[in-house]
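[1] Predicted model follows, preceded by the sequence.
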Number of protein chains: 2
Amino acid sequence: MDTKTQILDAAEALFAEQGFDATSLRAVTACAGVNLAAVNYHFGSKDGLLQAVCARRIGPVNDERMARLDEAESQATDRVVPLDRLLEIFLLPALRLGHESQGTSFLRVMGRLHGEMDRDHVRGLIEAQFATVKHRFVEAFRRTLPELPDNVLIVRIHFLIGSMAHTMMCPSEIVWMSGNKMSEPRPEELVTRLVAYAAAGLRAPVETFETVESTR
Amino acid sequence: MDTKTQILDAAEALFAEQGFDATSLRAVTACAGVNLAAVNYHFGSKDGLLQAVCARRIGPVNDERMARLDEAESQATDRVVPLDRLLEIFLLPALRLGHESQGTSFLRVMGRLHGEMDRDHVRGLIEAQFATVKHRFVEAFRRTLPELPDNVLIVRIHFLIGSMAHTMMCPSEIVWMSGNKMSEPRPEELVTRLVAYAAAGLRAPVETFETVESTR
DNA sequence: GTCCTGTTCAAACGTTCGTTTGAAATAAGC
DNA sequence: GCTTATTTCAAACGAACGTTTGAACAGGAC
């Protein structure tokens, strides 16, 4: 029983460091201090290991998101949750993983997987885990931003998820972009800043077109 | 001479489809219709091929960004380019690659590389290509948003780049998020929407803290 | 024609990978 | 305490990988 979690911890760390493809099962088992065959015995295959690594973290995060959303909607009138609160509910459980000792490196795994969504097994894994969360939050955003046309809302949520994924994946890029004058912000700061940034973006007036085409 | 570009085209397409690690040189050379050894002959190694694939597209994009920024700054008073114009200059050359026949798949390569920034050879490659662009645009953003503290500005630019990278990498996620009710937007529409969204986000009032901590 | 330079080719090299195997070790059931 | 079932282990398997090699081929220069 201990072997399984040892493998999961090692795999999580190594996947985060080097990516899924670049991490060999030999490296995982060596880092975990177990036999090479243990991965195939406990998880069936390397893909099965990836699935288990993800499920262990995503499940609780999405459960917390849903619970908080349920609570906020039940307290609100007409189930309309204010935008800032909605964003915080969506972002905080995910970004706060970085502070828990075990979940530190998982953020990078998730961010990385987001970038591999087009590979079939990864895509299926992600969509299965996030289908209900997506549905519930899109609905909630729609309720709190009723003036926004649906296609605009969807694209803007896509931008939001991009910022979130990018921040989860490579927060160190902030350091580089500041010319090494900043250190990596704490997750709470990132959430606060992203909530303010995305709330303003989501509330922006809907664009009138042709502003871009005319510059060509 | 033809062999080189045939390899570059094939590699670009396959890297975009499957990622760098998952693409074998045998697949590249088969797709290009050339001999396996041609890659090592013309590009030295698989990493060299990746570098060449990137350089071929990033160079012109960044050149165009710089040229447009130069032009806009010279026309503006005190070199202060309006925020919307600045965003458009930054985003359009990158996102418009998707419309050119040859560059279609390169967006995914770039987006993917953004997610692999922590692997040393990739990081070095990206930072070298983007160092001057980063510097110039951070300065330009700072001039047009002088009221924003530097650490806030940097983090918000990071959010912007996340939205851009995510949009370049997996625009099809928009289709999924809409429940297959939308089709993939054209690049011009994406730029217009992202400009409006990011401009509002960048202009948002600076956050007063403790709004998040208090909810724990 | 002869040399020289640049390019292509089939074949192989050595490594590393994910996975499998069958026996040894450990734990559990009764 | 013998018999199950479960878990570990060393070793190997076959496949796929990036890279190298050395011969074959091309086409100008002179």
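    Sure, I can see it.
[2] Leaving out sequence neighbours, find the closest residue to residue A:89.
    Spatial nearest neighbour of residue A:89, excluding adjacent residues (Cβ to Cβ, 6 or more residues apart in numbering or on different chains): residue A:68 at 4.5 Å. Heads up, the C-betas are built off the backbone N, CA and C, glycines and all.
[3] Past the helix or strand hosting that neighbour, which element shows up next along the chain?
    For residue A:68, the enclosing helix or strand under DSSP states H and E is helix A:46-75. Once helix A:46-75 ends, the next helix or strand along the chain (criterion: DSSP H and E) is helix A:83-96.
[4] circling back to that earlier point, rounded mean pLDDT for the helix holding residue A:68, please.
    Here helix A:46-75 scores 91 as its mean pLDDT.
[5] can you give me phi and psi for residue A:148?
    Backbone geometry at residue A:148, expressed as degrees, to the nearest 10, gives phi -90, psi 130.
[6] ok, it touching residue A:204?
    No: counting by Cβ atoms under 8 Å, residue A:148 sits too far from residue A:204 to count as a contact (9.4 Å).
[7] before we move on, the earlier item: so is the helix holding residue A:68 next to DNA strand C?
    Yes: on the criterion Cβ under 7 Å from any atom of the strand, helix A:46-75 is in touch with DNA strand C at A:46-47.
[8] Now that helix: buried residues?
    Neighbour-count burial for helix A:46-75 flags A:46, A:49-54, A:56-58, A:61-62, A:65-66, A:68-69, A:72-73 (criterion: 16 or more other Cβ atoms under 10 Å in any protein chain shown).
[9] Are there helices or strands packed against that helix, and which ones?
    Applying 3 or more Cβ pairs under 8 Å, 6 or more residues apart in numbering or on different chains; DSSP states H and E, we find helix A:46-75 packed against helix A:2-18, helix A:25-32, helix A:38-43, helix A:83-96, helix A:106-114, helix A:120-144.
[10] which other residues reach the second one?
    Residues from elsewhere that reach helix A:25-32, judged by Cβ atoms under 8 Å, 6 or more residues apart in numbering or on different chains: A:3, A:6-7, A:9-11, A:13-14, A:35-36, A:38-39, A:46, A:49.
[11] pLDDT of it, averaged?
    94.
[12] cool, the longest one as well?
    Helix A:120-144 shows a mean pLDDT of 84 in the predicted model.
[13] Then the first one?
    Mean pLDDT, helix A:2-18: 89.
[14] CA atoms only for stretch A:46-54, dumped as CSV, please.
    Extracted in CSV, the C-alpha atoms of stretch A:46-54 (Å, rounded to 0.1, in the frame of the first residue of the first chain):
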residue,chain,number,x,y,z
LYS,A,46,2.6,4.2,-17.7
ASP,A,47,-0.6,5.9,-18.9
GLY,A,48,-2.4,4.3,-16.0
LEU,A,49,0.2,5.9,-13.7
LEU,A,50,-0.4,9.3,-15.2
GLN,A,51,-4.2,8.9,-14.8
ALA,A,52,-3.7,8.0,-11.1
VAL,A,53,-1.4,10.9,-10.5
CYS,A,54,-4.0,13.3,-11.9
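[15] Run the contact check for it versus DNA strand D.
    No: judged by Cβ under 7 Å from any atom of the strand, stretch A:46-54 makes no contact with DNA strand D; its nearest approach is 12.2 Å.
[16] Residues in contact with that stretch: which ones?
    For stretch A:46-54, contacts defined as Cβ under 8 Å, 6+ apart pick out A:7-8, A:11-12, A:15, A:20, A:25, A:28, A:39, A:43, A:106, A:109-110, A:113, A:121-122, A:125, A:129.
[17] Of those residues, keep whichever come out buried.
    Using 16+ other Cβ under 10 Å, the buried ones in the contacts of stretch A:46-54 are A:7-8, A:11-12, A:15, A:20, A:25, A:28, A:39, A:43, A:106, A:109-110, A:113, A:122, A:125, A:129.
[18] What about DNA strand C: which of those touch it?
    Counting by Cβ under 7 Å from any atom of the strand, A:25, A:39 from the buried ones among the contacts of stretch A:46-54 sit close to DNA strand C.
[19] For the contacts of helix A:25-32, work out which two are farthest apart.
    Farthest-apart pair in the contacts of helix A:25-32 is A:13 and A:35; separation 18.6 Å (Cβ to Cβ).
[20] So the two - more neighbours on which side?
    Counted by other Cβ atoms under 10 Å in any protein chain shown, residue A:13 and residue A:35 do not tie: residue A:13 has more neighbours, with 21 against 10.
[21] Could you list the residues of chain A in contact with DNA strand D?
    With the criterion set to Cβ under 7 Å from any atom of the strand, chain A comes near DNA strand D through A:1-3, A:34-38, A:41-42.
[22] got a winner among these for most neighbours?
    Neighbour counts for the residues of chain A next to DNA strand D, by other Cβ under 10 Å, peak at residue A:34, which reaches 19 neighbours.
[23] how close does that one get to chain B?
    According to Cβ to the nearest Cβ, to the nearest Å, residue A:34 and chain B sit 25 Å apart.
[24] again with residue A:96
    9 Å.
[25] Over to residue A:164?
    7 Å.
[26] Correct me if wrong: that residue contacts residue A:97.
    No: when contacts are counted by Cβ under 8 Å, residue A:164 is not listed as touching residue A:97 (11.9 Å).
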